[in-house]
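S.K.: Compute the structure for the input listed below.
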Amino acid sequence: MRQADIDDNGGAKLTSAEKKELADLQRRTRQLELENEILKRAAAYFARENVLPK
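M.R.: Just a heads-up that it's a prediction; the model follows:
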């Protein structure tokens, strides 16, 4: 099997449902990574100010 074929589908065919689920999970992962970055920045801001929200 050619490397390009392996790279294209990992050597296994995905059903359309699996492709949709994979895309949804990748989208959710990006969203969670963004939210995590925002929370890190907020925590750093409050730690620097030494003020915690009530």
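S.K.: Checking residue 12 next. Helix, strand or coil?
M.R.: coil (DSSP: H, G, I helix; E, B strand; the rest coil).
S.K.: Could you report the distance from residue 29 to residue 23?
M.R.: 11 Å (CB to CB, to the nearest Å). For glycine as for every other residue, the C-beta is placed from the backbone atoms N, C-alpha and C.
S.K.: pLDDT on the helix or strand containing residue 22, on average?
M.R.: In this assignment (DSSP states H and E), residue 22 forms part of helix 16-49. Helix 16-49 carries an average pLDDT of 95.
S.K.: give the contact list for the most centrally placed residue in the chain.
M.R.: Among the residues of the chain, residue 29 comes closest to the average C-alpha position under CA atoms, centre = their mean, at 2.2 Å. Listed by CB atoms under 8 Å, 6 or more residues apart in numbering, the contact set of residue 29 is empty.
S.K.: residues near residue 21, how many?
M.R.: A count of nearby residues for residue 21, using other CB atoms under 10 Å, gives 12.
S.K.: Only the buried residues of stretch 15-32, if you could.
M.R.: By neighbour count on 16 or more other CB atoms under 10 Å, the buried set for stretch 15-32 is empty.
S.K.: Return the residues in contact with residue 28.
M.R.: Taking CB under 8 Å, 6+ apart as the test, residue 28 contacts no residue whatsoever.
S.K.: ditto for residue 48
M.R.: By CB under 8 Å, 6+ apart, residue 48 lies in contact with nothing.
S.K.: Make 745 the first number, not 1, from now on.
M.R.: From this message on, residue numbering opens at 745, which makes the last subject residue 792.
S.K.: Kindly provide the distance from it to residue 773.
M.R.: 29 Å.
S.K.: What of residue 790?
M.R.: Distance from residue 790 to residue 773, by CB to CB: 26 Å.
S.K.: do residue 787 as well
M.R.: Taking CB to CB, one finds residue 787 at 21 Å from residue 773.
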